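**Student:** sequence unknown, structure follows:
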């Protein structure tokens, strides 16, 4: 979901918009620390790259860190989507799946 | 720099709200409006002195202006005279109450800052800590535009708790595992000692 948020917000994806996007689109409360922990893992796996942006008074003079998905991230996302599609294939409705 | 006159700056609470906002905007690249807030901040921060050294309203105006001049700001007389007069007219007690409220709010904010710093330290690598704290600052400023008072506090504390909760769970689990391992090692020593 964080990778999808990065694509949707590109090229202005940093902590606050990512947080907003996840809260709005998923309807779940997400902690900012969890988002950063996830981004850290994604960066360690080579799925995202980051750059340090400008600082502003609204941020207490601290700089933003922009994240962007890279080629291997897109590949991982495609694989995840294919896997999900494969699992759904053949299921017409959830009631049928239970029966 | 001469600041625009504002007949709105007459109440203590209002000035404090503006000052509070100034403290969160920081001192970089101030706009005209922000400079006005800075003047209000000077005014509010110097009010404690005014309470300690009460005098007549003229004296108070001079003190307020001196406080602003310390910050290289020239203030037009009228709004601050109004302010000082309203201060004069008010009972001192509500003013002191206000100071209690202002200080309590500052303490709460310091608590929030401490929690966010702890969460950043426990959960994030050093590379991300400052950016996370910047984001929290930005989020708080956005919330401040929509909410105020305890409604704002509640939302900020909610963020603080959900930020810190995973760290608390993780640390508790880590400590429990260490404790159980220690118990296991002690039992092993006891067993070996029993065999000897």
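**Tutor:** The structure has been received and is ready for your questions. Please read these numbers as outputs of a predicted model, since none were measured by experiment.

**Student:** just the mean pLDDT for the helix or strand hosting residue A:33, thanks.
**Tutor:** Using DSSP states H and E, residue A:33 sits in helix A:32-44. Across helix A:32-44, the average pLDDT comes to 84.

**Student:** residue numbers of chain B in contact with chain A?
**Tutor:** Residues of chain B found near chain A (CB under 8 Å from any CB of the partner chain) are B:24-29, B:119-120, B:123-125, B:127-128, B:130-139, B:141-142, B:159, B:162-167. Where C-beta positions appear, they are placed from N, C-alpha and C, glycine not excepted.

**Student:** would you show me how to pick out the buried ones of the residues you listed in PyMOL?
**Tutor:** What follows is the PyMOL syntax selecting those of the residues of chain B next to chain A that are buried according to 16 or more other CB atoms under 10 Å in any protein chain shown:
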select buried, chain B and resi 25+26+119+120+123+124+128+130+131+132+133+134+135+136+137+138+139+141+159+162+163+164+166+167
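
**Student:** the residues of chain B next to chain A in strands, which ones?
**Tutor:** Among those, no member is found in strands (DSSP state E).

**Student:** quick one on the thing from earlier: angle of the next helix-or-strand element following the helix holding residue A:33 against helix A:32-44?
**Tutor:** Using DSSP H and E, the helix or strand that follows helix A:32-44 in sequence is strand A:48-55. Orientation check (axes from the mean of the first three to the mean of the last three CA atoms, to 10 degrees): strand A:48-55 against helix A:32-44 gives 130 degrees.

**Student:** show me what strand A:48-55 is packed up against.
**Tutor:** Helices and strands touching strand A:48-55, by 3 or more CB pairs under 8 Å, 6 or more residues apart in numbering or on different chains; DSSP states H and E, are helix A:32-44, strand A:63-69.

**Student:** which outside residues touch the last one?
**Tutor:** The one in question is strand A:63-69. Here strand A:63-69 makes contact (CB atoms under 8 Å, 6 or more residues apart in numbering or on different chains) with A:3, A:6-7, A:10-15, A:18, A:39, A:43, A:47-56, A:77, B:128, B:130-131, B:134-135.

**Student:** point out where chain B drops to low pLDDT.
**Tutor:** B:1-108, B:148-149 (pLDDT under 70).

**Student:** do you know how far the residue in it positioned nearest to chain A is from residue A:77?
**Tutor:** In chain B, the residue found nearest to chain A is residue B:134; the distance is 3.0 Å by CB to the nearest CB. Computed as CB to CB, to the nearest Å, the residue B:134 to residue A:77 distance reads 27 Å.

**Student:** count of neighbours near the residue of chain A at minimum distance from chain B?
**Tutor:** Taking CB to the nearest CB as the measure, chain A has residue A:62 as its residue closest to chain B, at 3.0 Å. By other CB atoms under 10 Å in any protein chain shown, 20 other residues sit near residue A:62.

**Student:** need the contact list for the residue nearest to residue B:135 when sequence neighbours are not counted.
**Tutor:** Closest residue to residue B:135 apart from its sequence neighbours, by CB to CB, 6 or more residues apart in numbering or on different chains: residue A:15 at 3.6 Å. Contact analysis of residue A:15 by CB under 8 Å, 6+ apart lists A:32, A:35, A:36, A:64, A:65, B:131, B:132, B:134, B:135.
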